[in-house]
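> Structure of the sequence below:
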Amino acid sequence: MINVDPKQMSFLIVDDMDNMRRSIRAMLKLVGLGRHYHEAANGKEAWKLLNTEGIEVDFVISDWNMPKTNGTELLSLIRTSKQWKDVPFLMITAESNQSIVAEAAENDVDAYLTKPFVTATLELKIKELLELVVHPTPLTQLLKKAEEYSEKNQLDQAIECVSLAVKANRRSSRPLRELARLFVKKGDLAQAIVYFQQATEINRLDLPSFQYLGQIFLKQGDTEKALTYFAKAMELSPRNTDRAFKLATLLLGRQKLAEADKIFKVMLRNNPDDLDLANEVADMCLEHGRYNLAARTYRAVLTADPTRQFLAKKLGQSLLKDGRPKEAIEVLEKVASQPPEDMALWLDLAQAYLNLNQKMRADQWASRVRRLDPANELAQTIINQCL
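Numbers count the residues shown, from 1 in each chain. This is a model prediction of the structure:
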């Protein structure tokens, strides 16, 4: 149960800047808000703290831009948690741009403040949110009741509640989106599409509705419509890597290669320090024939983290398939000098040398394969071309 007594509340302050956490804490103390104050340097630390036995948190104030796990990711974890889903969440942002607003709305943020802000503004925003907890709007009450019905799988009663919520606030896209979700749960996708589309007409930033529409049309086999809606969701929130991968995969499947490359580049640009993500992007590019981007990405990862030498072979393969045998050889020769023996790598080297018309070197690598695997047809083909 959330404690809404302003003087007795426990606040969780999440920000990667020590001075910002101290500043917010000082502001809260100055206006008599809170009795306990917990701090975390990023969303990952905050989530770990929230999962600590016996922890009490009545209000979360979190920065948006943080390493490891940002504010939106923390908000998503909280909203899907049975214990913490109803805790008031105030997002702090350095800028109020479209993608941040869309990401926050996607996970039902309660409110957000733009830096810099003063003590009076923070106090006012917190008290506004607490007032809504104590005296929820008719819309909030109806949606809460609908959620309770839905959890019991009483879908008709839930739909009735949300339908009343739509009438209670015709300017909000949220009840329309919730109504559509209930019809998805009920298996009536045609009706769900109608309400999701109405939600996007009311609110062009209703990112969840665009995402749901993409998923529904993909399930129905209408790839073009799915692409349209996924692209809109991606435009609103380019930082969502799962969404980006799904869109890129669809584009590759439709042979829209240049468009897929753009998505990959956006992902890499928005996540410059995420080497695991870059590795995944490079692997997908290599798998789908986008060899130039694969090579550039593998090289960037290796430069940033030289310990990932297991990627050197993939870099060499990308360079070879991209028509750059000389560069491929420089990379693959270094890999081949290290154990264990790798016949696939030797064949790549043989092919690279053959592409450069260096038949003697090509024959040496292919013959090396033949000695270990006399039945290897590719090795024999290369040897024959070297005669």
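
> List the buried residues of the helix or strand hosting residue 165.
Per DSSP states H and E: residue 165 is located in helix 155-168. Under the neighbour-count criterion of 16 or more other Cβ atoms under 10 Å, helix 155-168 has 155, 158-159, 161-162, 164-166, 168 buried. For the C-beta atoms, the positions are set from N, CA and C on the backbone; glycine is no exception.

> now those residues in JSON lines, with distance to residue 301?
Below are those laid out as JSON lines (distance: Cβ to Cβ, whole Å):
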{"residue": "155", "distance to residue 301": "47"}
{"residue": "158", "distance to residue 301": "47"}
{"residue": "159", "distance to residue 301": "49"}
{"residue": "161", "distance to residue 301": "50"}
{"residue": "162", "distance to residue 301": "46"}
{"residue": "164", "distance to residue 301": "53"}
{"residue": "165", "distance to residue 301": "48"}
{"residue": "166", "distance to residue 301": "49"}
{"residue": "168", "distance to residue 301": "51"}
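
> Pick out whichever of these sits closest to residue 347.
residue 155 (58.2 Å; Cβ to Cβ).

> Would you check how far apart the closest one and residue 147 are?
Distance of residue 155 to residue 147, computed by Cβ to Cβ, to the nearest Å: 12 Å.

> Ok, residue 172 next?
Counting by Cβ to Cβ, the gap from residue 172 to residue 147 is 16 Å.

> and what of residue 368?
With distances taken as Cβ to Cβ, residue 368 is found 66 Å from residue 147.

> what does residue 31 give?
33 Å.

> follow-up on the earlier one: so for residue 368 and residue 147, which residue has more residues nearby?
Legend: neighbour count by other Cβ atoms under 10 Å for residue 368 and residue 147, higher for residue 368 (18 against 15).

> Secondary structure class of the more buried one, three-state.
Secondary structure for residue 368, judged by DSSP: H, G, I helix; E, B strand; the rest coil, is helix.

> was I right about it contacting residue 346?
Yes: look at residue 368 against residue 346 with Cβ atoms under 8 Å: they come within range, at 5.4 Å.

> tell me which residues in the helix or strand hosting residue 300 are buried?
Per DSSP H and E, residue 300 falls inside helix 291-304. Within helix 291-304, the residues that qualify as buried are 291-299, 301-302, counting by 16+ other Cβ under 10 Å.

> Looking at these, which one is closest to residue 123?
Ranked by distance to residue 123 (Cβ to Cβ), those are led by residue 301 at 46.2 Å.

> Could you report the distance from the closest residue to residue 305 other than its chain neighbours to residue 297?
Spatial nearest neighbour of residue 305, excluding adjacent residues (Cβ to Cβ, 6 or more residues apart in numbering): residue 275 at 5.6 Å. Residue 275 sits 10 Å away from residue 297, going by Cβ to Cβ.

> Could you identify the helix or strand that succeeds the helix or strand hosting residue 200?
Counting by DSSP H and E, the element that carries residue 200 is helix 189-202. Of the helices and strands lying after helix 189-202 in sequence (DSSP H and E), the nearest is helix 207-219.

> which residues are in contact with that following helix?
Residues outside helix 207-219 that contact it (Cβ atoms under 8 Å, 6 or more residues apart in numbering) are 102-103, 105-106, 173, 176-177, 180-181, 184, 189, 192-193, 196-197, 199-200, 223, 225-230, 232-233, 236-237, 243, 246, 250.

> and the residues you listed, which of them are in helices?
Of the contacts of helix 207-219, the ones assigned to helices by DSSP state H are 102-103, 105-106, 176-177, 180-181, 184, 189, 192-193, 196-197, 199-200, 223, 225-230, 232-233, 236, 243, 246, 250.

> Which of those residues are buried? Put it as a PyMOL command.
Buried residues within those, by 16+ other Cβ under 10 Å, are selected in PyMOL with:
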select buried, resi 102+103+105+106+176+177+180+181+184+189+192+193+196+199+200+225+226+227+229+230+232+233+236+243+246+250
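
> circling back: just curious, which of the buried residues of helix 291-304 is nearest to residue 53?
If you rank the buried residues of helix 291-304 by distance to residue 53 using Cβ to Cβ, residue 301 comes first, at 38.8 Å.

> Residue 28 and residue 123, how far apart?
On the measure of Cβ to Cβ, residue 28 and residue 123 end up 8 Å apart.
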